[in-house]
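Peer 1: I would like the atomic coordinates for the input below:
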Amino acid sequence: TWTGRADPAYAAATGMYGGFSSALLLKSVLAEPAAQSQGAPSAFTAHFLNRIEPGAALTFRTRMFESASKSHGFWQTEAFQGDQTAPSATAIVILTTRRENDGFNELQMPAAPPPEEIEAFHPPFPYAERTAKFFIKGFPPFNSPDTHSLGWSKELTGRNVDAIQLAFLSDNFPPRSWFISSGLRATATLTHSLYFLATPEEMAAVGDDAVLMAVDGTRGAGSLHGVRVNMWSRKGVLLATSEQLAWYK
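Peer 2: Purely as a prediction, here's the structure:
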């Protein structure tokens, strides 16, 4: 059991910024001594059951699943607000022992000017005061011919990139429902999966630099839409990919 706080400095339009919640869920597992001996985080899937209120006291309850594999660790974590007995969010984390071997790379980093050549944008929410977006395509997102966006994302506290930092950044983009609208509309992420493809050493090499995010909607229909995200380092390393399912009004 771990305790934390839904820091109001990372609030979004309604409730906490999803990347903040994801980062805390992942951190609660990585804080476990048993998890630290099982390798690096490789997959993370969160389900957001109820809105997490800014300022709420949080309790995280983790547990490890028994596994016959010595190369993988499987964990669950749940986040509870105050004295509530039902979790507000839950996540599964998979840890793996990374070993050097042969591989492949089917995706290429999109052409993008460096963030220093782009004016920074801060969305009008508290969490955005600590993050900066450098949009290349897909902004403003309204009345767009497609749902593709491309831009750099950076957290401004100076914290270096690792799996927790990528979890924080992975939700930092406009909802795809806005691209088919003339203005803001209610949208909520239901489930969020993140796959860490870079090694811990490749993540560490990024330092506190910005991360390039290529975001595409898959389909929106019947109040649900899908989102796919590719996250790149400045040197062209595919750091992580993400998939989300969101509800929109």
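
Peer 1: could you pull out the helices for this structure?
Peer 2: Assigned by DSSP state H, the chain shows helices spanning 18-30, 33-36, 163-169, 200-206.

Peer 1: So which of those is nearest residue 180?
Peer 2: Closest approach to residue 180 among these (C-beta to C-beta): helix 18-30, 20.5 Å. The C-beta positions use only the backbone N, C-alpha and C, and glycine is treated the same way.

Peer 1: Averaged pLDDT, that closest one. What do you get?
Peer 2: For helix 18-30, the mean pLDDT works out to 96.

Peer 1: packing partners for that helix?
Peer 2: strand 2-5, strand 40-48, strand 57-65, strand 72-81, strand 89-96, helix 163-169, strand 187-196 (3 or more C-beta pairs under 8 Å, 6 or more residues apart in numbering; DSSP states H and E).

Peer 1: remind me which residues of this structure are low pLDDT?
Peer 2: For the chain, the stretches with pLDDT under 70 are 68.

Peer 1: correct me, but residue 120 touches residue 134?
Peer 2: Yes: Residue 120 is in contact with residue 134 according to C-beta atoms under 8 Å; the separation is 5.9 Å.

Peer 1: So these two - more neighbours on which side?
Peer 2: residue 134 (23 against 15; other C-beta atoms under 10 Å).

Peer 1: Excluding chain neighbours, what is closest to the residue nearest to the spatial centre of the chain?
Peer 2: Computing the C-alpha centroid of the chain and ranking residues by C-alpha atoms, centre = their mean puts residue 170 first, at 2.9 Å. Of all residues not flanking residue 170 in the chain, residue 242 sits nearest, at 4.8 Å (C-beta to C-beta, 6 or more residues apart in numbering).

Peer 1: Can you give me the separation between that neighbour and residue 119?
Peer 2: Using C-beta to C-beta, to the nearest Å, residue 242 is found at 26 Å from residue 119.

Peer 1: same thing with residue 246?
Peer 2: 28 Å.

Peer 1: Out of these two, name the residue with the larger neighbour count.
Peer 2: Shown here are residue 246 and residue 119; by other C-beta under 10 Å, residue 246 has more neighbours (22 against 9).

Peer 1: List the residues that contact the closest residue to that one other than its chain neighbours.
Peer 2: Leaving aside its sequence neighbours, residue 246 sits nearest to residue 189 (C-beta to C-beta, 6+ apart; 4.9 Å). Residues in contact with residue 189 (C-beta atoms under 8 Å, 6 or more residues apart in numbering) are 18, 48, 171, 244-246.

Peer 1: same check, this time on residue 126
Peer 2: Going by C-beta under 8 Å, 6+ apart, residue 126 touches 8-12, 54.
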